[in-house]
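Engineer: The following comprises the amino acid sequence and a computationally predicted model.
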Amino acid sequence: MDIEGGCEWPDLITTAGPIGNILIFSQRVVEVLQRAAVTGFKPYPVVIKSIENEQLRHAPRPQYYYFHFLGRIDIDLERSGLGFLSTCPVCGGYSWDSDKPNPQPEKYVPLPDTWDGGDFIRLRNLQTWHNFCSEKVLLLAREHRWTNFRFDTMGSTIRWALQGPGVDYLGPAWPPKWYPDPPYFGKSVREWV
C-alpha cells in the first residue's frame with residue numbers, strides 16, 4: 001500500500017480495489033475488537049510500501065490490517081428495488097435484462113432471519129461493494145473515538161448513504177439522528193406539491 005496524504009495516522013484507511021472498497025484498520029481498532037469479542041472478520045497484516053507525506057513519514061506508524069468480512073446476511077431483493085435481478089445463490093453474482101441500466105438498490109432491506117450473527121457483514125445474496133457492521137461496532141467506534149470512520153444505517157437510501165453526512169458517531173447527541181428527514185419535512189402541502 002502507498003500512502004499519499006494526511007497529517008496523522010487514522011484508525012481506518014479506505015482504498016478502492018478491484019473488488020470494491022477495501023477497509024484497512026489500525027492495530028488499535030483490531031485490539032479493541034478482539035477484547036470486545038467482535039465477530040465476523042479475519043485481519044491480515046498490511047505492508048505500507050511508501051509514504052509520500054513528509055509529516056506522516058516521521059510519525060510513529062501503526063500496524064494496519066485488511067479485514068476479510070465473514071458475517072453474512074441476505075437482503076429482500078424485491079423490497080430493495082432489485083426484484084428483476086437473477087442472482088446466484090452461492091456467490092451473489094447477478095445478471096439482468098441488458099436493456100436496463102446497471103442496477104442500483106433504492107436501499108438495502110435486510111432479511112433479519114438470514115443474519116448469521118457476525119458483527120462485520122457482507123451480503124450473501126448480492127455482490128456489492130458495501131460493507132456492513134452491527135451496532136456493537138458503531139458503539140465501540142464512539143467509545144474509543146476511532147477516526148476516519150463513516151456509518152450509515154442499512155435502511156438508508158443509497159443516495160443518502162453516498163451523499164449524506166452519515167451517522168454522527170462522535171457527536172455530542174446520543175443516540176444520533178439515524179435517518180435523514182424526508183424531503184417534505186417541515187413543508188406545507190402547497191410547498192411540497
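Structural biologist: Noted; the coordinates are in hand.
Engineer: How much space separates the residue nearest to the spatial centre of the chain from G118?
Structural biologist: Closest residue to the average C-alpha location of the chain: N131 at 3.8 Å, with C-alpha atoms, centre = their mean. Using C-beta to C-beta, to the nearest Å, one gets 12 Å for the distance from N131 to G118. Quick note: C-beta positions are derived from backbone N, CA and C, even for glycine.
Engineer: Could you do G164 as well?
Structural biologist: Taken as C-beta to C-beta, the span from G164 to G118 is 26 Å.
Engineer: Give me the contact list for stretch 119-131.
Structural biologist: Here stretch 119-131 makes contact (C-beta atoms under 8 Å, 6 or more residues apart in numbering) with 19-21, 23, 33, 38-41, 67, 69-75, 77, 82, 85, 87, 89, 91-94, 105, 108, 114-115, 132-134, 136-137, 161.
Engineer: Okay, buried residues for that stretch please.
Structural biologist: The neighbour-count check on stretch 119-131 (16 or more other C-beta atoms under 10 Å) flags 119-126, 128, 130-131 as buried.
Engineer: Please identify the one among the residues you listed that lies nearest to H144.
Structural biologist: D119 (14.8 Å; C-beta to C-beta).
Engineer: Torsion angles phi and psi at that closest one?
Structural biologist: phi -80, psi -20 (degrees, to the nearest 10).
Engineer: where do the strands sit along the protein?
Structural biologist: For the chain, applying DSSP state E gives strands covering 2-3, 12-17, 20-26, 41-46, 50-51, 64-69, 71-73, 86-87, 94-95, 120-123, 132-133.
Engineer: about what we covered before: spit out the residues that contact N131 and G118 alike.
Structural biologist: F69.
Engineer: Please pick out the residue of the chain most distant from its centre.
Structural biologist: R190 (37.8 Å).
Engineer: Now do stretch 8-25: everything it contacts.
Structural biologist: Here stretch 8-25 has contacts from 1, 3, 26, 28-29, 43, 46, 55-56, 59-62, 64-67, 128-131, 146-149, using C-beta under 8 Å, 6+ apart.
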